[in-house]
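Peer 1: pasting the structure only:
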């Protein structure tokens with residue numbers, strides 16, 4: 001029996017998403033990292049059964065992922081942990097929508113990390129949300145279910161970093177504390 005926790009797909013992978021999903025199911029894999037350029041992911045692809053069983057999904061350095069994808073990913077995917085690293089077409093509204101869905105209890109999320117070369121406005125992201133600022137780059141919140149979150153947002157002129165960690169779920173645990181097979 002083949003078993004592994006994480007699958008990492010590099011660059012322009014040639015396997016079909018159906019084949020990848022069969023592998024994920026057979027290996028009882030819980031994490032996938034699309035470290036790929038031109039993966040051409042769509043929300044419909046994430047609806048495939050193998051992707052639906054994942055605990056965590058990571059998307060790295062892929063500018064083919066567009067606004068439609070981000071507008072639908074929280075509705076299509078059942079994963080509770082996400083990393084969006086150097087995906088430079090993330091809508092600022094997606095970040096706010098993610099916080100809002102978690103606050104209202106309409107979407108369960110354990111942790112999210114977002115890094116992008118965009119100049120997002122913290123004020124626009126948290127406007128109207130029940131989030132308390134602790135210091136210059138840290139906020140805290142509690143959702144309707146009683147879960148507590150720590151939110152870190154920093155930026156320089158063009159680079160935005162955001163970490164969203166709920167009930168002691170650390171975003172680094174998604175990738176860096178479990179083995180993977182390439």
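Peer 2: Yes, it's here. Remember, predicted model here, so these are calculated numbers, not experimental data. Numbering: from 1, shown residues only.

Peer 1: Can you give me the buried ones in the helix or strand of the chain with the lowest mean pLDDT?
Peer 2: Lowest on mean pLDDT, DSSP states H and E among the helices and strands of the chain sits strand 6-10, with a mean of 83. Judged by neighbour count (16 or more other Cβ atoms under 10 Å), strand 6-10 contains these buried residues: 6-9. Where C-beta positions appear, they are placed from N, C-alpha and C, glycine not excepted.

Peer 1: And the strands in the chain?
Peer 2: 6-10, 31-35, 56-60, 81-85, 111-116, 132-135, 138-142, 148-155, 160-166 (DSSP state E).

Peer 1: Confidence-wise, which of these is weakest overall?
Peer 2: Note on the strands of the chain: strand 6-10 shows the lowest mean pLDDT, a mean of 83.

Peer 1: Off-centre distance for that strand?
Peer 2: Its chain's C-alpha centre and that of strand 6-10 lie 15 Å apart, by Cα atoms, centre = their mean, to the nearest Å.

Peer 1: likewise stretch 59-71?
Peer 2: Worked out by Cα atoms, centre = their mean, stretch 59-71 lies 11 Å from the chain centre.

Peer 1: Now do the end-to-end distance for it.
Peer 2: 15 Å (Cα to Cα, to the nearest Å).

Peer 1: if I look at the residue lying closest to residue 45 once chain neighbours are set aside, how far off is residue 91?
Peer 2: Leaving aside its sequence neighbours, residue 45 sits nearest to residue 17 (Cβ to Cβ, 6 or more residues apart in numbering; 5.0 Å). When Cβ to Cβ, to the nearest Å is the yardstick, residue 17 and residue 91 sit 24 Å from each other.
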